[in-house]
Every structure is written in C-alpha cells, then in structure tokens.
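>>> Structural data only, the sequence is not supplied:
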C-alpha cells in the first residue's frame, strides 16, 4: 500500500478562487445530475399509463413503473464500481465528466421515447434500458464528486467541500420538485399526459449536456496527478485491495450510508406522502413544506461539513443525530394536535438531516488515495442499493403497526449514528 502523497499533507491554506470555482461547478453538475435521476418519480403515474398496456390493472402498472425506477438503484453498484476502478487508474476528472454525460443522454432520450401505443412492448424495454444507464451514471457521480472535491481543497476544508457538494445533490431533488409543480400548474392533466410530461426530461438532458461542457474547465485533482507522476497508482485491481485491506473502513462507510439513506428516503422522499395519507394535509401544503425542508437540508449539509472541519466528525455526528432524533420524533408525534406546526418543525428536521453532510467527510478520510474512489464507491453504492431499496418497505411495515413508523425508523438510525459518532470521537482523541 503506497503512502499518502505529499500534496494531501500540504500546508494549510485558505480556499482560493479556483477552489470555489471547482466546488461550484461540481455542486451545479451534481444538482443537475440528481435532478435527472429523480424527475422520473414525479411523473411515474403518467409514464406508467403511457408506457404499459391500457388494459393492465392499475396496481400492476404502478408496480412495473416503480420497478423501472428501482432498476436505476440496482444498477448503481455495478456502474459505481466500474467507474471507480477507472477513476483510480485513469483519473478522477475523466470519470467525473463521463458520469454526467451518461446521465444526460438517457434523460434526453426518455423525453423523446415513443409510447406503448406507438411501438408496443419496445416502449417499456427502452425505458428500462435508459433507467439502468442512469443508475450506472449516478453510481459513479456521487462518490466521484466527493473524491474529486476533497482532493482539490486543503485538508482542513474537506468537510466544507463535501458538505457543499452534498447540498448540491439535495438541491437537485428540490429542482425536480419545483419543475414538476410548475408543469402540473401550467398544463391541464390531459396536456401533461399528451406532451408536457416530456418537458422535464428534455430540460434535464439539455442541462446535463451543458454541465458536461462546464466540466471541461475543471482540472485533475492534485493528489491523483501526483500519484500518476510518482507512479504510485494501484498496482492491482483497486477493489481487490479494498476488500482485503480496508474492511473496517467498508463497514464504517456502509453504516454511515445507511444513516444517510434513512434521512433522505424517509424524511425527504416519503414524508410528503405520509403527510397526505396519515395527517390529511393537502398535496400542495405537503409539497411546500417538503420544499422548505430540502432548502434547510441543503444549508444543514454545508453547516455540518464546516463544523466537522472545526470540531471533528465524531462530535458533529453525536450532536446532529441527537437533534435529528428529537426534531423528527416531535414532527411525527405532534402534527395531529398541532397541524399549524408543520412548516417550522419540518424545516428544523430538514436542517438536522443535514448532519449527513459529515458522511462523505468520514468516508474520503477512511480510504487512502490509491484506492479511495473504489473503496468509497463500493461501500456507498452497495449500502445504498440495499438500505435505500429496503427502507420504504421497512417503514411501510412499521406504519401498519403505528402511524409513528417513520419516527421509529429514523430514531433507530440516529442511535446508530450516535454510536458511530462516539467511536470516531474516541478514536480522534
């Protein structure tokens, strides 16, 4: 195992204009790529009706539509591992640009696809293929982006860089929500079904190709460039070295990814539906509150990353998870008696979900540069495919027993996050 290159231990310096340019271009690209990945969810009902037979039972149609959405998640580990392999051997920048190109083109094609009425069975098959390519792309983008920004900035700003990048990814979810709301406001249901559902996909494709162009202005990370120059790149298959020598880092990264997936999937993606079905809020109110929570989540990611630079990831995890436990419990527990508390409570809970901004900071430090991309990508994508996929099922089962199901699940993960934070805190002393 090669030693860490000197550039990673460079003397501390303030963030330069070039660092901010790298961060902003990376976060913008991440936001647009996440928008492309998530926009499918907002139009799943319409897409289901257009891409499957008319006489298919509604439940089967929705199951197949969400199956196509899930295929994107299942493709993440494979895409992430392959792209990380080449990212560790050929360079971070090449894979960083390729991932957004692989997201933009299928999104654009999805907006142009003929429907089931036009080409029959080929319509859902082509839709599934585009979704798999999207999944492979996002599997390379998220870990690649964290590695890219963390290797560009001075060591004492890694938390801030990773937190800023993560806030860009969450802003992509907000962008998807806002575009979906705008389309459904501007067009009638008949117009949406006829042609308007294509607009968000076409927009996403154009935005993505613009991001590919913008990423031309980014430079290879100093750490990778130095490893290349000193010929200290991985001498064997990077993933083999990760699985053999870094099992502790894999377990740590997977547990933290579970925490991250719980925060995003339960509090951000599932709660608007819970607010409508359990607490009987109007869809517009639920989505407005959700948009506010995503804004505070984005701010929370930057804040927690900056605090990790100052006080260490362990302390931020312990305090942040405790605050998230308290705020999410209060949110789900008090809305029946106090529906007027929705906006402030959801905004506060979103802010504390921002504790996940610490997760990439821990993960990039857990693996040495020579196998960093492969280690982070394997741990994150495999854990997200498992936990991201099983979380809605687990929460749904808990909700059969009690409407507080989401609170129980988030509370359990917060306790786990505090234990991991305590371990990191103790280790840093």
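Now that the structure is in, tell me what you want to look at. Every value quoted in this text rests on a predicted model; they were computed, and no experiment measured them. Residues are numbered from 1 along each chain as shown.

>>> Closest to the centroid, which residue in this structure?
By Cα atoms, centre = their mean, the chain has its centre lying nearest to residue 169, at 5.8 Å.

>>> quick one, what contacts it?
For residue 169, the contact set (Cβ atoms under 8 Å, 6 or more residues apart in numbering) comprises 30-31, 34, 142, 145. For every residue, glycine as well, the C-beta is placed using N, CA and C.

>>> ok, which stretches of the stretch 301-429 of the chain are helices?
Secondary structure of the stretch 301-429 of the chain (DSSP state H, counting those that start in this stretch): helices located at 313-334, 342-353, 359-366, 372-383, 389-401, 405-428.

>>> buried sites along the longest one?
Meaning helix 405-428. By 16 or more other Cβ atoms under 10 Å, the buried positions in helix 405-428 come out as 405-411, 413-414, 416-418, 420-421, 424-425.

>>> and if you look at the fifth one?
Counting neighbours by 16+ other Cβ under 10 Å, one finds that the buried residues in helix 389-401 are 391-392, 394-395, 398-399.

>>> In a markdown table: these, plus pLDDT.
Below are those laid out as a markdown table (pLDDT from 0 to 100):
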| residue | pLDDT |
| --- | --- |
| 391 | 85 |
| 392 | 81 |
| 394 | 86 |
| 395 | 87 |
| 398 | 89 |
| 399 | 85 |
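
>>> Backbone torsions only: list them for residue 280.
Dihedral angles of residue 280 (phi, psi; degrees, to the nearest 10) stand at phi 60, psi 40.

>>> list the contacts for the closest residue to residue 388 other than its chain neighbours?
Excluding the flanking residues, the one nearest residue 388 by Cβ to Cβ, 6 or more residues apart in numbering is residue 261, at 4.5 Å. Applying Cβ under 8 Å, 6+ apart to residue 261 gives the contacts 383-384, 387-388, 391.

>>> swap in residue 363?
Going by Cβ under 8 Å, 6+ apart, residue 363 touches 146, 249, 252-253, 256, 376, 379-380.

>>> least trustworthy helix or strand in this structure by mean pLDDT?
Here the helix or strand of the chain ranked lowest by mean pLDDT, DSSP states H and E is helix 222-229, holding a mean of 77.

>>> For that helix, name the packing helices and strands.
Counting contacts by 3 or more Cβ pairs under 8 Å, 6 or more residues apart in numbering; DSSP states H and E, helix 222-229 packs against no other helix or strand.

>>> Distance to residue 245 added to the contacts of residue 261, as CSV?
Conversion of the contacts of residue 261 to CSV gives the following (distance: Cβ to Cβ, whole Å):
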residue, distance to residue 245
383, 19
384, 23
387, 24
388, 27
391, 30
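
>>> Assign the residue lying farthest from the centre of the chain to helix, strand or coil.
Here the chain reaches farthest from its C-alpha mean at residue 55, the gap being 35.6 Å by Cα atoms, centre = their mean. Put simply, residue 55 is coil when judged by DSSP: H, G, I helix; E, B strand; the rest coil.

>>> Quick check: phi and psi at it.
phi -90, psi 10.

>>> mind checking pLDDT for it?
If you check residue 55, the pLDDT there is 78.

>>> Next: residue 365.
On pLDDT, residue 365 comes in at 93.

>>> cool, residue 5 as well?
Listed pLDDT for residue 5 reads 39.

>>> Please identify the buried residues of the helix or strand hosting residue 163?
Using DSSP states H and E, residue 163 maps to helix 158-186. Across helix 158-186, burial judged by 16+ other Cβ under 10 Å covers 158-177, 179-181, 183-184.
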